[in-house]
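Student: Build me a model:
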Amino acid sequence: MNAESQRLAVNAGKRVPLEQWGPYLSDRQWGSVREDYSRHGNAWDYFPFDQSHFRAYRWGEDGIAGISDFYQNLCFSLAVWNGKDKILKERLFGLGNHQGNHGEDVKELYYHLDNIPSHYYMDFLYKYPHKAFPYEQLITENRKRSRTEPEYEILDTGVFENDEYFDVGITYAKQNSKDMFIRIKVTNRGSVKAKISLLPTLWFYNRWQYDPEHKVPVITLRDTHSVRAQHARLGSYYLYFQHADDLLFTDNETNMARVTGVSNENIFTKEAFHRVLIDGEDPKPFRKRKSGTKFSPVYNLDLRAGASKTIYLRLSNKIVEYPFAPGFDNVFEIRKDEADIFYDSVLSSGKGSELRQIQRQAMAGLLWTKQYYHYDVERWLNSSDGITPVNTGKQNGRNHEWKHLKNQDVISMPDKWEFPWYAAWDLAFQCIPMALIDPCFAKNQLLLIMREWYMKPDGQLPAYEWNFSDVNPPVQAWAALQVYTIEKERTGKGDITFLKRIFQKLLINFTWWINRKDPNGNNMFEGGFLGLDNIGVFNRSSPLQGQVFLEQADGTAWMGMYALNMLDIALEIAMKDESFEDTATKFFEQFVFIAEALNEHGMWNEEDKFFYDMLAVDGNSPLQLKTQSVVGLTSMFAVSVIQKKVMDKLHDFKKRISWFENYRLKNKLFWPNEEHGSRNEVLLSLIPKERLAHLLTRLLHETEFLSPTGIRALSKYHEKNPYTVHINGVHYTINYDPGDSTSDFFGGNSNWRGPVWIPMNYLIIRSIRRYGEFYGNQIRVECPTGSGIFMTLEEVADELSRRLIKLFLKDKSGKRPLFGEYGEFYTRAGNEHLILFFEYFHGDTGKGLGASHQTGWTALVADLIERLEVKEKVV
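Tutor: Numbering: from 1, shown residues only. Prediction:
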């Protein structure tokens, strides 16, 4: 075992497989639901970016490339100032939802370069302009633009022209789990001399503001090169730093005079360092003060063109006489080498290859987006933030039905700036690439969302903090199977205990779905938007006027997939524990009923050869909503192969399903697609083989779903053929919209009407591959449709994988499709290796859109690369 594997083995024995210190600091705490104490739930306006500098947070902290302990008692991050900005940059800037023409969006250039699961080595790059940061320009220009125009980005402002910026690299290397070296390297990329001030900042999360019994921690000056941070729970830590130009103390307290306008004589508030550096306030009181809850040494650098300067710090729980003894910096190379060895052991792509680079940065982003998440809904509803009194608007408003939810955990986030909160189905996808490098943490995350302080007593899982009651696709059972299988394939041993634990909780959630989302008891399911935001011709989460009922093809298909996943889990456990055999039979029967509903009750259109949602209006015959979207493709996801050894061992299961089949066929009842392979295995799928072939014909047509870089969420057919439906006198229309959203559904910051989404592509690829593994050469389809090229289904899965991976690969000109019109910036010397992992991608060009650091589910590309590389090596 290599050094990192040994550390992970130690963590696996812990109750929570987590290092005490890691990148658990959020990129954005302002504008979150947790910090919103308003009467009407307007989180973006209640706590905007402009107030984040002088208002203490109540539910967490944020910073740039920051770290904290896993309870976020003590935090460290870097602040910078170029001598021209009006704001000390202590956190990343971005637009609030109402400021952007496509919703909220971070407007900074930063990159997750490297990380390993133990966080013994972490590398981060931030690009900071010489010129004044264009805060107002970004707000003003984006407000001018309509929804049909692209966003105005930081690279549009001109502040990075002629390379007039600093590369600020922040690297962490642990000596041990409680002793961390920090390297801050600043390089002037421009052709002229430029100044920059660095403020490596240490501070305590302000818990004492809402807990009078909480002893106020303190940071105290020890000498000119170190401070001591004392905390009742955490103990003592020491920050050692090299000679600084200044030492400043203040407190992590709200400047109430700025918030309320009421005079306050306390000068030791959160934004004090800003006032000293930028407003010209007398620094003497902050130098003279020798303690506080926030501290920073100040380094004023004046760098000539192309020059670099490196600053070192060390955060340790031990008193160290010589913290920077000769050779101390070797720890960075040692940890970097260990990271290289670790990734060599878990990834199959070639060392130094472009594919390895993509995988490595995908994993880095996935690990950097771990975040401490704190939210006690009951306390939030019934307390004040000291600014707005407790009010009935909030008490009866957002999330008031989730009083049981009391979260205080480190969670894998989709994107720590755009989405600094967990989302149930995002988390499921995130756990799959995580399982490649840290299966114990992946399993922990899937179990965590099922725990009683998350799951509602009735079995509903929390969707996301903006509305915990929204409904995401039920992919947790599928993800649990994927994580279990990845670990079993790599170690040779399956964690049956994990499957048993999660299966018990999944049973409760499955029952909630059956009872709450199938109101007519006909196995045709509702669910609302189901994570696909604006995929519908109208907002699927908002009830329409009158007696209108929506039965969803994807809701029904997701539940068919859920039933089949539960069957697979029950069978896997039953091979070790036969008491689960009866449960497997139950889910088999449930799967049959759902398959019957999808195929026999009007969702399939024989003329179009496609599945559609159905709408019943005022007792009239159901109407098919003929939008050719990924909704109609979800039926492909429910596919499983039962091995002969399972049938041979589980006699009661085999006997029961044989009886059930004979009974239904004898009585001319529906029976789902069941085929027996050459090795006596059994394929079960939600749709018959001929319907699969029809769906694949559409999916693989380049004028419909198939784009150069993946499967579109809405068929390009609707570009020239918009679909319109009239309901109770209201006209609803949907057309192909391959870029940013032009609708305001769900804040308008995501779009499912044409772009390529990695998670849905991943599900499509995995399903097609599963079919292909069973059918082998029996089925060959034209790919692309109309090309005259025929492929097996496994070859189709490979082709779709390559198209997705192409998003991240350089073309002949050295540009990656995902950077779109900004590709030139990433061909400049020093930038060629930088990659971003966007939320979704333009349906025609492949340009990255939405959140720019969503290495949550977009990190799935690392698994696609892995599967292709392993396969090609075997061949």
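Student: Show residues contacting stretch 730-739.
Tutor: By C-beta atoms under 8 Å, 6 or more residues apart in numbering, the surrounding residues in contact with stretch 730-739 are 150, 536-538, 627, 712, 714-719, 722-726, 743, 751, 753-755, 842-845, 847, 849. The C-beta positions use only the backbone N, C-alpha and C, and glycine is treated the same way.
Student: so G820, which of the three states?
Tutor: helix (DSSP: H, G, I helix; E, B strand; the rest coil).
Student: any idea how far it is from V168?
Tutor: 25 Å (C-beta to C-beta, to the nearest Å).
Student: So if I had to pick from the two, which one is more boxed in?
Tutor: V168 (22 against 19; other C-beta atoms under 10 Å).
Student: Just confirm that one contacts I184, I think it does.
Tutor: Yes: the pair V168 / I184 is scored as a contact, 7.1 Å apart, by C-beta atoms under 8 Å.
Student: shared neighbours of those two, anything?
Tutor: Joint contacts of V168 and I184 (C-beta under 8 Å, 6+ apart) are L78.
Student: which other helices and strands contact the worst-scoring helix or strand of the chain on mean pLDDT?
Tutor: Within the chain, no helix or strand scores below strand 548-551, which has a mean of 75 by mean pLDDT, DSSP states H and E. With contacts taken as 3 or more C-beta pairs under 8 Å, 6 or more residues apart in numbering; DSSP states H and E, strand 548-551 sits against strand 613-617.
Student: can you dump the C-alpha coordinates of the strand it packs on into PDB?
Tutor: The C-alpha trace of strand 613-617 is given here as PDB (Å, rounded to 0.1, in the frame of the first residue of the first chain):
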ATOM      1  CA  ASP A 613     -45.700  12.700 -20.300                       C
ATOM      2  CA  MET A 614     -49.500  12.600 -20.100                       C
ATOM      3  CA  LEU A 615     -51.800  15.400 -19.000                       C
ATOM      4  CA  ALA A 616     -55.400  14.900 -18.000                       C
ATOM      5  CA  VAL A 617     -57.500  18.100 -18.000                       C
END
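Student: List the pairing partners of that strand within its sheet, with orientation.
Tutor: Here strand 613-617 is paired, per DSSP bridges, with strand 548-551 (antiparallel), strand 623-625 (antiparallel).
Student: Same list (these) but as a markdown table, adding mean neighbour count and distance to A435.
Tutor: Shown next, in a markdown table, are the strands paired with strand 613-617 (neighbours: other C-beta atoms under 10 Å; distance: least, C-beta to C-beta, whole Å):
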| stretch | mean neighbour count | distance to A435 |
| --- | --- | --- |
| strand 548-551 | 18 | 35 |
| strand 623-625 | 19 | 37 |
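Student: closest one to N396 among these?
Tutor: Closest of the strands paired with strand 613-617 to N396 is strand 548-551, at 26.4 Å (criterion: C-beta to C-beta).
Student: how about the helices in the stretch 501-650 of the chain?
Tutor: Counting by DSSP state H, counting those that start in this stretch, the stretch 501-650 of the chain has helices at residues 553-574, 581-600, 644-649.
Student: With mean pLDDT added, can I get those helices in TSV?
Tutor: Output for the helices of the stretch 501-650 of the chain, formatted as TSV (pLDDT from 0 to 100):
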stretch	mean pLDDT
helix 553-574	94
helix 581-600	94
helix 644-649	94
